[in-house]
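A.B. asks: Could you work out the structure for the sequence below:
(2 chains)
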Amino acid sequence: MSAGGVEALASEVRSGARSGREVVEESLGAIEDRNPDLAAFLRVMADEARAAADRVDAMVRAGDDPGPLAGVPVALKDNFCTRGVPTTCGSKILDGWRPPYSATVVRRLVDAGAVIVGKTNLDEFAMGSSTENSAFGATHNPHDPARVPGGSSGGSAAAVGADLVPLSFGSDTGGSIRQPASFCGVVGVKPTYGLVSRYGLVAFASSLDQIGPFGRSVRDAAVGLEVVAGHDPADSTSIHGDAPAVTPRLDEGVEGLRVGLVRELTGVDGLQPEVAQATSSAATALEAAGAIVDEVSVPSAAEALSAYYLLAPAEASSNLARFDGVRYGLRVDGDDVESMMAATRAAGFGAEVKRRIMLGTYALSAGYYDAYYGTAQRVRTLVIRDFDDVYRDHDVLLSPTSPTTAFALGERVDDPLAMYLSDVCTVPSNLSGHPAMNVPFGTDAAGLPIGVQVLAPALGEPVMFRVARAIELAALEGVSS
Amino acid sequence: MSVEPVIGLEVHAELATATKLFCGCPNEFGAEANTNVCPVCLGLPGSLPVLNEKVVEYALRVGEAMHFTVPEESIFARKNYFYPDMPKDFQISQYEDPICVDGYLDVDGARIGVERAHIEEDTGKTTHVGGGGRIHDARHSLIDYNRAGVPLLEIVSRPDIRSAEQARGYAEQLRAVLTAIGVSDVKMEEGSMRIDANVSVRPEGSSELGTKVEVKNMNSLRSLTRAIDFEIQRQSDAWERGERIVQETRHWDEDDGRTHGMRSKEEAFDYRYFPEPDLVPVSPDAGMRDAVREAMPELPAARHRRLVEDWGITDHDAQVLVGNPALADYAERAVAALEGGSARDVVNWSTGDVLAHLNETGLSAEVLPLAPDGLAELVGLVADGTLSRNLAQDVLAEALTDGKRPERIVADRSLAQVSDEGELVTVLDALITENPDEVSRYREGDDKTRKKLRGFFMGQAMKATKGQGNPQLLNRLLDERLEARGEG
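C.D. replies: Residues are numbered from 1 along each chain as shown, chains lettered A, B, ... in the order given. This next block holds a predicted model:
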C-alpha cells in the first residue's frame, strides 16, 4: 500500500501528491483480488469508501486538513456499530441489522480522515480464537490458506497481513487482537482498559473488552491508537484526562529499561519450541540494545485462564440476553413470547456462543455464584496484585503471544479446551486491564509468523511501544532468524 | 389466641429528573409512544449507560430527609430476566450495595424503620391487545419504550407496620416527604409512585416473622388500605383454620375487592445479580453531600409542628396542608399578606373552599388565578364586617375562577354588608307592621314556633336587604323588636 507506512500515506494525500480516491481504489482492488480466497471481509463498503475518499480529496483541494489518517483505508471488525451499515457480529441473530448510530471509534477515525473500506469477519460475538465460529464462514490465514488467521479478530488481522489495508481495528477480550496478529504476522495492540471508548462496540464481556489497532509496523499501530484513544463521556469506564502520547518517543530505544520474562507464560503446556526460542531471542535482542532483562514470576497468571472462562461467559450471558427477537435482528415465531424468544435464540446463536451463555448462566446462578463468579473475581484481584508487584521493579514484561503459530483450519473446532489454551498468554492482561501487544518476530520451520508479546502496566503504552519498536528493529536486522 | 399483622412496604417512586437515568432522553409522562428513546434506553447492541448525576443528588436528598446512611460507595448490579418490555433483558439496579441504608420515617408518633433505598431503571410499558389484556391470551402486544430508563428509587420499609391504616399513614408521610424535597411527582394514578405490600400474620406477642405474601397492583391509597385489610383478614382466617400460608405474590383486584394468587411458576426466579461492569461505583463526594444538606427544604414533620405552634391550628388542618405542600405555601403567603383576620381564618378557607376548588379542577395551588394576597384580602373583608361568610364564599368562588380581586368583586356587585343600624331598623319595623299575625303567633307560640317564625323574619329581612344585611346586627335588632312587643 505504502512502503512508508500510514503517516507517509496520509501526508501524501494531505499534500495532494496522491488522491484519496487513488489510494482507496488500490485497497478495493486488492480486496477484490484476494478476499474471495481469504474471506477477511464480511462486507466491502466500496461505494461508501469512494464517497469518503472524495470528501477527503475535496477537503484537500479546499485547503482544509482532513486529519492524520487522511485517505488511509481502514477495516473494522464487524462488531463495531456503523450507522446504516449492517453490523452482524458474525452472527445470524443480527443478520440484516443496521445500527442507527456509529461507535465512538468509528466517528474518531472518520473525523481523522480515515476511509472505512469494510467490515471484517470474526468469531461470532468475538467468541473464539480462530474465526471459524463465524456464521458466515471461516477466514483464511494470508500466509497459508489451509490455516486459521487466529481470532476472534481474524478478519482484521488477515486484512492487514495480506496488505489489503494498512490499518484495521479489532476488539480484544482475552487475546482477540494479539493472537490473530501473531498468527498473521502483524502488530496488534490491546490498550489499557478504558483508554479507547467501547461505546458502539457490541459487548462480549464488558469488563474485559478493549478496542485496538492492527498495523504492518509498530509505528502504524501507534498512529492508529493515538487517533482512537482518549476520554469519551459516553463510556463510563473511559479513562479521564489526555491519552498518553506514543509516537513522539517511539524511537528512544530501550537503554536502561527493565524487562521481565514471565516464567509462567514462557513455560506453558504445549509451547511450540520455535515460539519459546523466538521469545528468548527477543529478550536477548533487547539486552543487546541496552535493556536489563531477567526472569520474573506472576504466580496467578497460571490461574488466569480458568478465571477468564468464568468471568467472560458470565458477562456475556447477560450482554447477549437482549438478542431475543423482540426489537431487531432475527425473529423465529412461536406460540407465545417465551417460545418466540427461545426459538429465535436457538436458531440465531452458534454452538460456541450457546456454550458460553450456558457456562455464564451457570456461573451466576444462586448457590454457585460465590464458588464460580466470586472465586474468579478473587483470582482477578490476585492477578492485578501480582502484576503490580512485578511492575514495582520492571518497566515491561515479555512472553510469547500464543503458545503456537497458526494451526490448521478445523484442527481445534471440536476441542474447545485446546482452542481456549491458545489464549493462555494473552488473558492475564485482560483480567488486569493492562496494555499488551503482539510484535512479529521471525517465523517457524513452516514459514509461519511467530509473535512476541510485550506487556506493560496501566497507561504504560509509551514504554510498551518503545520496547516493541526495538524488537521490530531486531527482527528487521534478522536477529530473530 | 389472636394474630397480629406484620406489614412492610416497597415503594417505587419515579424521580422527576429532566432526563432519564442513563441517557439524555426526556423523562416525561404522556409523550407519543416511542419518541423519547435513543440507542441507550433501547438497549441497542454496543450502547452504554452513563449515570445521570441528578439522580444521585435526588437520592442524597431522600437520604437526608429519611435519616439514611449514604455509604462512601454504592454499586449498580444487573438483575437478569427476560421480558419484552425490558430492552436489555436485564434491569440495571442496585443489589448488595444500595445508595441509602438504614433510615426511618416517623408516622403519627410511631417510628417505621426503612431498610434501604436503591436506584434502578424503569421498564417500558406493554399493552396487550385482545384476549382480555393478559399477555398469555393476547393477539399481539404493543410496547412503548418511553418509560424505559426512567429513574426509580425503590424504598423498602422494615416490617414495622401493624395495620392497613398505619401503612396508609406511612405512604402519605413518604409522599409528603418526597414532594417536599422535590424529587418525585408521587402520583399513584399515573404510576409515578407504585406500592407493593408484604403482609404476614403471627400470634400476638410473637417476635418471629410469619410467611409473607407480596400484594401488588394497588393504584391508590384507598386500594392500598383495602388490599392490606383484605389480606390480613384472609391470612387470619387461614391461620385460625390452621392452614398454612403460602409464600406467593398476589394481585389486588379493585373490582371484586380481593387479592388473587398469580399463576406462578413453582421455582423462584433466579435473577443472577452481578455487578454492572459498564458503570463505575457511585461515590458522591463531600462537596455534593454538603450542597444537598445545605439546600434541604423544611421537611413535612417540621412544617407541621411550626404551623400548629405558630398559627394555633389543629393537627388535622396542619396535616391537610403539609400533605399538599403547594397549598401550604399558598396559605403561608396569604398569612404573610394579612391585614385583618387571623391565620386560622386563612387556614379554614384554604382547607375548605380553596382545596375543594383544587380537587374539582385538578389544579395545583401554584397556578391558581387568585394570588395568595387575594385570599388575605377576602379574610380582611370578613374580619372588618364588610362581607358575611356566606357572601364571602360566593366572592371567593368567583375570585378563584377568574382571578378577580375580592375587593373588586364586592364593589362591582355592590355586595358590601349593610351595617347601618338606622337602615336595618327601618326594614325591620316595616316587616313587623306588615305581618301582625306572625308577630302575635310568635309571642304566643312555643319554642318550636318561635324558632320557625324568627327564621321567617330573618329571611324576609335578608330579602329586603338583598342579602347584604349584617346578620349579627339584624339578629340583635330583631330580638329587641320581637321581645319588646311580646312584653307590651
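
A.B. asks: neighbours of the residue of the stretch 351-481 of chain A found nearest chain B, just the number please.
C.D. replies: Nearest residue of the stretch 351-481 of chain A to chain B: A:Leu364, at 3.9 Å (CB to the nearest CB). No exception for glycine: its C-beta is placed from N, CA and C like everyone else's. When neighbours are counted by other CB atoms under 10 Å in any protein chain shown, A:Leu364 registers 24.

A.B. asks: Excluding chain neighbours, what is closest to it?
C.D. replies: B:Arg272 (3.9 Å; CB to CB, 6 or more residues apart in numbering or on different chains).

A.B. asks: What's the local residue count around the one you found?
C.D. replies: 25.

A.B. asks: In contact with it, which residues?
C.D. replies: A:Ser317, A:Ser318, A:Thr361, A:Leu364, A:Ser365, A:Ala366, A:Tyr369, B:Arg78, B:Asn80 (CB atoms under 8 Å, 6 or more residues apart in numbering or on different chains).

A.B. asks: that older thread, what pLDDT is listed against the residue of the stretch 351-481 of chain A closest to chain B?
C.D. replies: As predicted, A:Leu364 sits at a pLDDT of 96.

A.B. asks: Enumerate every residue touching it.
C.D. replies: So A:Leu364 contacts A:Ala314, A:Ser317, A:Ser318, A:Tyr372, A:Tyr373, B:Asn80, B:Arg272, B:Tyr273, B:Phe274 (CB under 8 Å, 6+ apart).

A.B. asks: sorry, back to before: ok, so of the contacts of B:Arg272, who is nearest B:Gln166?
C.D. replies: A:Ala366 (33.7 Å; CB to CB).

A.B. asks: In a helix, that closest one, correct?
C.D. replies: No - A:Ala366 is assigned coil when assessed by DSSP: H, G, I helix; E, B strand; the rest coil, not a helix.

A.B. asks: Once you drop chain neighbours, what's closest to it?
C.D. replies: B:Asp270 (4.8 Å).

A.B. asks: now the end-to-end length of stretch A:131-151.
C.D. replies: 5 Å (CA to CA, to the nearest Å).

A.B. asks: check whether that stretch contacts chain B.
C.D. replies: No - judged by CB under 8 Å from any CB of the partner chain, stretch A:131-151 makes no contact with chain B; its nearest approach is 15.3 Å.

A.B. asks: just how off-centre is that stretch within its chain?
C.D. replies: Distance of stretch A:131-151 from the chain centroid (CA atoms, centre = their mean, to the nearest Å) equals 15 Å.

A.B. asks: rewinding a little: now the residue nearest to A:Leu364, what's its secondary structure?
C.D. replies: Of the three states, B:Arg272 takes coil under three-state DSSP.

A.B. asks: Let me see the contact set for A:Ser130.
C.D. replies: Neighbours of A:Ser130 in contact, by CB under 8 Å, 6+ apart: A:123, A:138, A:148-151, A:154, A:407, A:409, A:412-413, A:419, A:422.

A.B. asks: Oh, that last question was meant for B:Asn435, not what I typed.
C.D. replies: B:Phe457, B:Gln460.

A.B. asks: for B:Glu483, same thing?
C.D. replies: B:Glu483 touches nothing, counting by CB under 8 Å, 6+ apart.

A.B. asks: Can you tell me which residues in chain B are near chain A?
C.D. replies: So far as CB under 8 Å from any CB goes, chain B lies against chain A at B:39, B:42-51, B:78, B:80, B:82, B:84, B:87-90, B:135-136, B:141, B:143, B:270, B:272-274, B:277-280.

A.B. asks: now for the contacts of A:Ser130, which pair is the farthest apart?
C.D. replies: So, the contacts of A:Ser130 by CB to CB: farthest apart are A:Ala138 and A:Ser422, at 15.3 Å.

A.B. asks: who's more crowded, the two?
C.D. replies: A:Ser422 (27 against 20).

A.B. asks: With A:Lys119 as the reference, measure out to that one.
C.D. replies: Separation of A:Ser422 from A:Lys119 (CB to CB, to the nearest Å): 24 Å.

A.B. asks: same thing with B:Gly352?
C.D. replies: Counting by CB to CB, the gap from B:Gly352 to A:Lys119 is 71 Å.

A.B. asks: With A:Ala70 instead?
C.D. replies: 22 Å.

A.B. asks: Next, count neighbours for the closest residue to chain A within the stretch 51-200 of chain B.
C.D. replies: Nearest residue of the stretch 51-200 of chain B to chain A: B:Asp89, at 3.5 Å (CB to the nearest CB). Neighbours of B:Asp89 under the rule other CB under 10 Å: 21.

A.B. asks: most residues in a single helix of chain B, which one?
C.D. replies: helix B:221-240 (DSSP state H).

A.B. asks: List the contacts of the next helix or strand after it.
C.D. replies: Using DSSP states H and E, the helix or strand that follows helix B:221-240 in sequence is strand B:248-253. Contacting residues not belonging to strand B:248-253 are listed as B:213-218, B:223, B:226-227, B:230-231, B:258-262, B:264 [CB under 8 Å, 6+ apart].

A.B. asks: tell me the angle strand B:248-253 makes with helix B:221-240.
C.D. replies: Using axes from the mean of the first three to the mean of the last three CA atoms, to 10 degrees, the direction of strand B:248-253 lies 130 degrees away from that of helix B:221-240.

A.B. asks: Kind regards, and thank you for your time.
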